[in-house]
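Undergrad: compute the structure for the input listed below.
(chains A and B)
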Amino acid sequence: MNWSRIIIPILLLAIWQCFSFIGVLPASKLPSPAEIAVGLESLITTGMPPGHPLHWHILSSLNRVLAGFFSAVVVALPMGLVMGWSRTIRQVLEPIIEFIRPIPPLAWIPIAILWFGIGVQSAAFIIFLGAFFPILLNTTYGVRRIDPILIDAARTLNASSLDIFIKVLLPGAIPSIITGIRIGIGISWMTLIAAEFTGVKYGYGLGYMIMTARDIQRPDLIFAGMFVFGGIGFSVDVFVRFIERKIIRWR
Amino acid sequence: MCMKINNISKTYADNESLGTRIAILENINLRVDSGRFVSIVGPSGCGKTTLLKIIAGLISPCQGAVQLQGQNIRLGDERVGMVFQEFALFPWRSLIRNIEFGLEIKRLPRSQRRKRALEYTANFGLGGFEHRLPQELSGGMKQRVAIARTLINQPNVVLMDEPFASLDSQTRNEMQDFLLSIWYDRGETILFVTHNVDEAVYLSQQIIVLSSRPGRVVEIHDVNYPYPRDRTSPEINRIRKKILQQISSQPEYAKFQKP
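TA: Modelled structure (predicted):
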């Protein structure tokens, strides 16, 4: 265990607290860590807006992310496997994908609201777009970098195309797929808050909670919300990396 | 089961815009009798591997056919197995699950698969390593796994594409003896591609020398010496010398020697 990984962030917080205490940092712009901690506590107990406690915001945001993220996995994974496998299909789809991919997910918000209205569906759609491309591209790449000799070996052992798909391409591409999932889930999470800034007008959602705190000029609550956001993103990444290590012993 | 290679030719597109093609193999005719150990040698790039892949059905020839017992060989033919140069083990599968692969494809129940595979691990000196991943095994062990994975399907003909090329010379010698002992016990037909003439002479009953590209059969040598052979005996050296001369007199080699 490298203790400096823990000590240095604590030290930084302490310095920040000192600067706030001696008045270098105005509390109206950047509240002290202690004030943010108090803000976090009020988010948990009272809620923002009052009566809307933090855990419901978190659950509602996670619900949107998971809906969008899993639909991205369900579509991008088989599509990536097929694109990695067939040169023809790749050549047909690649220009279309490369045309749509540079459009930021947030640019889809107006059309998403028009299509799905304001709610879980439109937010999930935006998140879907954010997660879809990294998973698709990494899966395709993962399949393409499988040593062709493994496919030859499987074919000489009488494997059908379906066998090769399930027993060679999918397991062989797993490391890249997980990389894609890690990137995709990170982008999902980032896209979510922006989608909630504009896409949620009432109810729950971390992005909506932060925007409400801004409306009433509460930087402590804004920072507390951002802290929660970072913490969840961090935990999810740790979790995915843990799964990665469990699954991929071979790389 | 006699294998007949009838008039195989293969060309590859060289330059698509000009429509030119490179000939790799030209009119290969061979007959390999059942249970024989036959090697194919030749200068690099003579199409040895291509020929093997054509026999396995991985590549289709431009002309000709390969028959086993009068029937054309198709891709995935149960009567033919192939062992690859770089082992071609599935890196995410444990040793035993690599060996089981072919049985899994045959949809054999798990317990039967495991039982058969365990027999192979024991006979191939792999006991105790069943659950190791290929990356945790030595080169010699990996190649034994690859051979076991092919043989568990009980093919009649085993195609081997420079199987020992990436092993160190000590391990290679051990593996040669190991292969001979398995072949002696089981009696499959072995078609063994190598660029190493010493290896071919030590192992095989028949050696086919191919020319440089496009590969044609230069000569077929019978090596009628009993096993185990002495690598340094005069008879072995004589035939070795002759084959080496035949290979080095091929144009590609001459070009390298006198630029």
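Undergrad: could you use CA atoms for every contact and neighbour count after this?
TA: OK.
Undergrad: list the contacts of the closest residue to chain B within the stretch 51-200 of chain A.
TA: In the stretch 51-200 of chain A, no residue comes nearer to chain B than residue A:158, which is 3.9 Å away by C-alpha to the nearest C-alpha. Residue A:158 makes contact with B:75, B:76, B:77, B:78, B:102, B:105 under the criterion C-alpha atoms under 8 Å, 6 or more residues apart in numbering or on different chains.
Undergrad: repeat that for residue B:48.
TA: For residue B:48, the contact set (C-alpha under 8 Å, 6+ apart) comprises B:40, B:41, B:42, B:193, B:210, B:215.
Undergrad: likewise residue A:36?
TA: A:220, A:221, A:223, A:224.
Undergrad: residues from the stretch 51-200 of chain B in reach of chain A?
TA: B:56-58, B:75-78, B:80-84, B:88-92, B:101-102, B:105, B:133, B:135, B:150, B:153 (C-alpha under 8 Å from any C-alpha of the partner chain).
Undergrad: just those: which are in helices?
TA: B:56, B:101, B:102, B:105, B:150 (DSSP state H).
Undergrad: the second one touches residue B:151, doesn't it?
TA: Read that as residue B:101. No. Residue B:101 lies out of contact with residue B:151 (C-alpha atoms under 8 Å); the separation is 11.4 Å.
Undergrad: tell me the pLDDT of residue 32.
TA: Defaulting to chain A. For residue A:32, the pLDDT comes out at 90.
Undergrad: sorry, I should have been clearer: chain B.
TA: pLDDT, residue B:32: 93.
Undergrad: what of residue B:156?
TA: 94.
Undergrad: then residue B:21?
TA: For residue B:21, pLDDT reads 84.
Undergrad: so what secondary structure elements neighbour the helix or strand that contains it?
TA: Using DSSP states H and E, residue B:21 falls within strand B:20-32. In terms of contacts (3 or more C-alpha pairs under 8 Å, 6 or more residues apart in numbering or on different chains; DSSP states H and E), strand B:20-32 is packed against strand B:3-15.
Undergrad: direction included, what does the strand it packs on pair against?
TA: strand B:20-32 (antiparallel), strand B:63-68 (antiparallel) (DSSP bridges).
Undergrad: run through who's touching the first one.
TA: Which is strand B:20-32. With contact meaning C-alpha under 8 Å, 6+ apart, strand B:20-32 is reached by B:2-15, B:38, B:46-47, B:50-51, B:213-217.
Undergrad: quick one on the thing from earlier: name the next helix or strand downstream of the strand holding residue B:21, please.
TA: Following strand B:20-32 in sequence, per DSSP H and E, is strand B:37-41.
Undergrad: ok and that next one relative to strand B:20-32, angle-wise?
TA: Interaxial angle, strand B:37-41 versus strand B:20-32 (axes from the mean of the first three to the mean of the last three C-alpha atoms, to 10 degrees): 160 degrees.
Undergrad: next one: strand B:37-41 to chain centre, how far?
TA: 8 Å (C-alpha atoms, centre = their mean, to the nearest Å).
Undergrad: may I have the strands that pair with that strand, each with its orientation?
TA: Strand B:37-41 is paired, per DSSP bridges, with strand B:189-193 (parallel), strand B:206-210 (parallel).
Undergrad: send over it as CSV, restricted to the C-alpha atoms.
TA: The C-alpha trace of strand B:37-41 is given here as CSV (Å, rounded to 0.1, in the frame of the first residue of the first chain):
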residue,chain,number,x,y,z
PHE,B,37,5.9,-40.2,-41.5
VAL,B,38,6.5,-37.9,-44.4
SER,B,39,8.4,-34.6,-44.4
ILE,B,40,8.3,-31.7,-46.8
VAL,B,41,11.4,-29.5,-47.0
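Undergrad: residues near residue 117, how many?
TA: Because you didn't say which chain, this covers chain A. If you count neighbours by other C-alpha atoms under 10 Å in any protein chain shown, residue A:117 ends up with 14.
Undergrad: sorry, I should have been clearer: chain B.
TA: Neighbours of residue B:117 (other C-alpha under 10 Å): 24.
Undergrad: what residue in the stretch 1-150 of chain B comes nearest to chain A?
TA: For the stretch 1-150 of chain B, C-alpha to the nearest C-alpha, closest residue to chain A: residue B:76, 3.9 Å.
Undergrad: and that residue, what does it touch?
TA: A:155, A:156, A:157, A:158, A:159, B:56, B:57 are the contacts of residue B:76 under C-alpha under 8 Å, 6+ apart.
Undergrad: distance to residue B:117 added to those residues, as TSV?
TA: Converted to TSV, the contacts of residue B:76 look like this (distance: C-alpha to C-alpha, whole Å):
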residue	distance to residue B:117
A:155	20
A:156	18
A:157	15
A:158	18
A:159	18
B:56	23
B:57	26
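Undergrad: nearest to residue A:59 among those residues?
TA: In terms of C-alpha to C-alpha, no member of the contacts of residue B:76 lies closer to residue A:59 than residue A:159, at 44.6 Å.
Undergrad: quick one: average pLDDT of the helix or strand where residue A:10 lies?
TA: Assigned by DSSP H and E, residue A:10 falls within helix A:4-21. In this model, helix A:4-21 carries a mean pLDDT of 91.
Undergrad: likewise stretch B:178-196?
TA: 93.
Undergrad: ranking the strands paired with strand B:3-15 by burial, who's on top?
TA: strand B:63-68 (a mean of 19; mean count of other C-alpha atoms under 10 Å in any protein chain shown).
Undergrad: next SSE after it?
TA: strand B:71-72.
Undergrad: before we move on, the earlier item: among the contacts of strand B:20-32, name the buried ones.
TA: Buried by 16 or more other C-alpha atoms under 10 Å in any protein chain shown: B:2-11, B:38, B:46-47, B:50-51, B:213-217, out of these.
Undergrad: report the contact partners of residue A:51.
TA: Contacts of residue A:51 (C-alpha under 8 Å, 6+ apart): none.
Undergrad: next up, phi/psi of it, please.
TA: phi 90, psi -10 (degrees, to the nearest 10).
Undergrad: residue B:9 pairs with what?
TA: Note on residue B:9: beta-bridge partners by DSSP bridges are residue B:63.
Undergrad: wait, it touches residue B:62, no?
TA: Yes. Counting by C-alpha under 8 Å, residue B:9 does reach residue B:62; the two are 5.7 Å apart.
Undergrad: so which strand or helix has the closest residue to the residue of the stretch 1-150 of chain B closest to chain A other than its chain neighbours?
TA: The shortest distance from residue B:76 to any residue other than its chain neighbours is 3.9 Å, reached at residue A:158 (C-alpha to C-alpha, 6 or more residues apart in numbering or on different chains). Per DSSP H and E, residue A:158 falls between elements, in no helix or strand.
Undergrad: follow-up on the earlier one: least confident pick among the contacts of residue A:158?
TA: Lowest model confidence among those falls on residue B:76, which carries 83.
Undergrad: how close does that residue get to residue B:143?
TA: Between residue B:76 and residue B:143 the computed distance is 21 Å (C-alpha to C-alpha, to the nearest Å).
Undergrad: with residue A:113 instead?
TA: 59 Å.
Undergrad: thinking again about what came up before, following the helix holding residue A:10, which helix or strand comes up?
TA: Next along from helix A:4-21, by DSSP H and E: helix A:33-45.
Undergrad: how far is the very next helix or strand once past that following helix from where the chain is centred?
TA: Counting by DSSP H and E, the next helix or strand C-terminal to helix A:33-45 is helix A:54-85. Taking C-alpha atoms, centre = their mean, one finds helix A:54-85 lying 9 Å from the centre of the chain it belongs to.
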